[in-house]
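**Q** Quick one: sequence and predicted model below, then my questions.
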Amino acid sequence: MDVQERLQEVKTRIETAERQAGREAGAVTLVAVSKTFEADAIRPVIAAGQRVFGENRVQEAQGKWPGLKAETPEIELHLIGPLQSNKTADAVALFDVIETVDREKIARAIAEEMGRQGRRPRLYIQVNTGLEPQKAGIAPDDVVAFAGLCRDELGLDIEGLMCIPPAEENPGPHFALLAMLAVECGVERLSMGMSGDFEAAIAFGATSVRVGSAIFGTR
C-alpha cells in the first residue's frame with residue numbers, strides 16, 4: 001500500500017474502534033506522526049485530507065513545517081516529544097498544541113513565552129504512568145497538584161493529559177489510569193495510543209491517537 005492507502009486504513013480502524021467502544025463517530029482525532037520524514041513524504045498525506053500532525057523535535061519541525069503550513073494554513077501541528085527549555089520560544093511560535101508539559105521549569109518557560117509572543121498553543125500534561133526513570137512526565141500522584149500550579153499560578157489552560165505506556169507492559173491499565181487522572185484534573189482530552197495500541201486506547205477513552213509508522217511506514 002502507498003501512504004495514502006495506509007492513512008485510509010488507519011482512519012477505518014479508528015472508526016471501527018469508535019463504534020466498538022460505543023463512542024460517537026469522529027470522537028477521536030488522528031495525529032499523524034511525521035517525525036524523520038521530509039516535506040515531500042508528508043505532502044501526499046496532506047493531499048489525502050489529513051490536517052493534524054505530530055513532531056518529536058522542535059528543530060526538525062522548523063525545517064519543514066513553516067513551508068507546509070504556508071501551503072495548507074489549516075494544518076494543526078502538535079509537539080509530542082520532549083521540550084528543552086532553550087527551545088521553548090521556538091515551540092510556542094511554531095506549534096499549535098504542546099503535549100509534553102512535563103515539569104515546572106517548562107511550564108514556567110511556556111507561560112513566559114506565551115506572554116512575550118501573544119500566542120497560546122493548547123497544552124497537555126505528559127504523565128509518566130509507568131514511573132519509568134528514563135522517561136519524561138509527571139508522576140501520577142503529582143498530576144492534580146501540577147495541573148493546579150499551571151492553572152492557578154501560571155495562568156495556563158491545560159486541555160488534556162498525554163502518556164506513553166511502558167513498551168513491555170499491557171497498555172490498558174496505563175490508559176485507564178490516565179482517564180481517571182483526567183477526571184480528577186477536570187480535563188477532557190486524552191492523548192494516548194500509538195500505531196501498536198491505538199484501538200485499545202480508544203476503548204479507554206482516547207480523544208486523540210498518535211500514529212506514525214502505520215501511516216508513513218518504518219523509519
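**A** On my side now, so go ahead. Numbers count the residues shown, from 1 in each chain.
**Q** what about the strands in the protein?
**A** Remark: strands assigned in the chain by DSSP state E are 29-33, 52-55, 76-79, 97-101, 122-127, 158-163, 189-191, 208-211.
**Q** per-residue confidence at the closest residue to residue 164 other than its chain neighbours?
**A** Nearest residue to residue 164 in three dimensions, chain neighbours excluded: residue 135, at 6.8 Å (CB to CB, 6 or more residues apart in numbering). For glycine as for every other residue, the C-beta is placed from the backbone atoms N, C-alpha and C. On the pLDDT scale, residue 135 is placed at 93.
**Q** hang on, residue 135 packs against residue 102?
**A** No. Residue 135 is beyond contact range of residue 102, at 9.3 Å (criterion: CB atoms under 8 Å).
**Q** close enough to count as contact, residue 204 and residue 170?
**A** No. Look at residue 204 against residue 170 with CB under 8 Å: they stay out of range, at 11.5 Å.
**Q** out of these two, which sits in the busier spot?
**A** residue 204 (21 against 11; other CB atoms under 10 Å).
**Q** Name all residues that make contact with the more buried one.
**A** 172, 175, 176, 178, 179, 190, 192 (CB atoms under 8 Å, 6 or more residues apart in numbering).
**Q** For the fifth one, which non-adjacent residue is spatially closest?
**A** Once its chain neighbours are removed from consideration, residue 179 has its nearest residue in residue 205; the separation is 4.6 Å (CB to CB, 6+ apart).
**Q** Now do the contacts for that neighbour.
**A** Counting by CB under 8 Å, 6+ apart, residue 205 makes contact with 175, 179, 182, 190.
**Q** swap in residue 53?
**A** Contacts for residue 53 (CB under 8 Å, 6+ apart) come out as 31, 32, 33, 34, 42, 45, 65, 75, 76, 77, 78.
**Q** try residue 137
**A** Applying CB under 8 Å, 6+ apart, the residues contacting residue 137 are 102, 126, 127, 128, 129, 163, 164.
**Q** who's in contact with stretch 168-180?
**A** Identification of contacts with stretch 168-180 by CB under 8 Å, 6+ apart yields 127, 129-130, 140, 161-163, 165-166, 190, 192-193, 197, 200-201, 203-206.
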